[in-house]
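S.K.: please work out how this folds:
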Amino acid sequence: MRKLLISLLCLCTMSSVMFSSQANTSADVSVTYGDLNGDGIVNVMDTLYMKQYLMGEINEFPVTNWRKSADLVSNGAITSDDINDFKRYILINSASTKTLQKISRFDGIDISKWQGVIDWNRVRAAGIDFVMIKAGEGTQMESTFLRNISGAKAAGIQCGVYWFANARNISEAHAEAQACVNVIKNYKLEYPVVYDFEYRSMDNNPLRTNRTLATDTILTFLNDVEAKGFYTMFYSNKDFPQTYLQIERVTSRFDFWYVNLSLSQPDVKCNIWQYSHKGRVDGIPEIVDLDISYVDFKSIMIANKLNGY
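M.R.: You can find the predicted model right below:
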């Protein structure tokens, strides 16, 4: 069902992009990457603009948020890497217009108590579209969760949450799921509820030697929270599932938030990609994880009455 919802949404999104000549300026939709001259399409003219910029012939592009529009590899600078990565942001060759069409993406962060006291208005002004907030660990709420979700929502930033796993068996996964629901049940969440089961979760954990039980434990949490009306997702890197899980049982039903810090784009299919652990964002006193979402999750939540909608 998860996969079907996203496939249908992407199809609708592609159709609206192909037949619309106007850039979407809604606060809920991120900047259009690659459209550097503001004509509503992405084609060879935009690459010429980028080349002119890199050669020093122009100092900026004639679009709002032009730095963000041109930073295709999300490294905080506009370089030759952005030209090389241009195809990553071009999806459809429209037979009717003979121009290459654009996609949008959403820039985000994920945070916990370690980011300190955050000025969420400055974070929003810095161009952050969404935040994944640590809501808890084991059966305990994160000490900064209430402050962070209140501040982010007040600033107009879309929110999701993640819950760090300590479960050692199915019974404890049930308990963690219930604790998570108790913490988040009074909030509208535009992004998924994520189970963060990773290497630290396996410290002195009998699940490390039982792939089937480890997978069953993860599915227990995801299914329990989903049954309460929430859109659930699994977080991991590429190696951990191959070592400890029967990962196909998870990804065949649930979305994947993927972490890989060494690439310019994800090397597996995912809907959220965590690409840095050392980001700097105005309004956050400490380094922060940086993420990209390729799905308009809010539309899914509203259309299917999930996550409090």
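S.K.: switch to C-alpha atoms for all contacts and neighbour counts from now on
M.R.: Noted.
S.K.: do a quick rundown of the helices in the stretch 201-309 of the chain.
M.R.: 211-227, 239-244, 247-251, 297-304 (DSSP state H, counting those that start in this stretch).
S.K.: the last one packs against which elements?
M.R.: Put plainly, it is helix 297-304. When contacts are defined as 3 or more CA pairs under 8 Å, 6 or more residues apart in numbering; DSSP states H and E, helix 297-304 sits against helix 2-18.
S.K.: following the chain past the helix it packs on, name the next helix or strand.
M.R.: As assigned by DSSP states H and E, the chain's next helix or strand after helix 2-18 is helix 44-54.
S.K.: buried by neighbour count: which residues of the following helix or strand past that next one qualify?
M.R.: Next in sequence after helix 44-54, counting helices and strands by DSSP H and E, comes helix 66-70. Judged by neighbour count (16 or more other CA atoms under 10 Å), helix 66-70 contains these buried residues: Trp66, Arg67, Lys68, Ser69, Ala70.
S.K.: between these, which sits nearest Ala214?
M.R.: Closest approach between those and Ala214, by CA to CA: Lys68, at 40.4 Å.
S.K.: the closest one and Tyr33 touch, don't they?
M.R.: Yes: with contact defined as CA atoms under 8 Å, Lys68 reaches Tyr33; the gap is 7.4 Å.
S.K.: give me the common contacts of those two.
M.R.: Shared contacts of Lys68 and Tyr33, defined by CA atoms under 8 Å, 6 or more residues apart in numbering, are absent.
S.K.: any low-confidence regions in the stretch 1-150 of the chain?
M.R.: Along the stretch 1-150 of the chain, segments meeting pLDDT under 70 span 1-31, 43-44, 73, 83-104.
S.K.: try the stretch 201-309 of the chain
M.R.: Where the stretch 201-309 of the chain drops to pLDDT under 70, the residues are 202.
S.K.: redo that, cut-off 80
M.R.: 201-204, 206, 208-209, 240-242, 244, 263-265 (pLDDT under 80).
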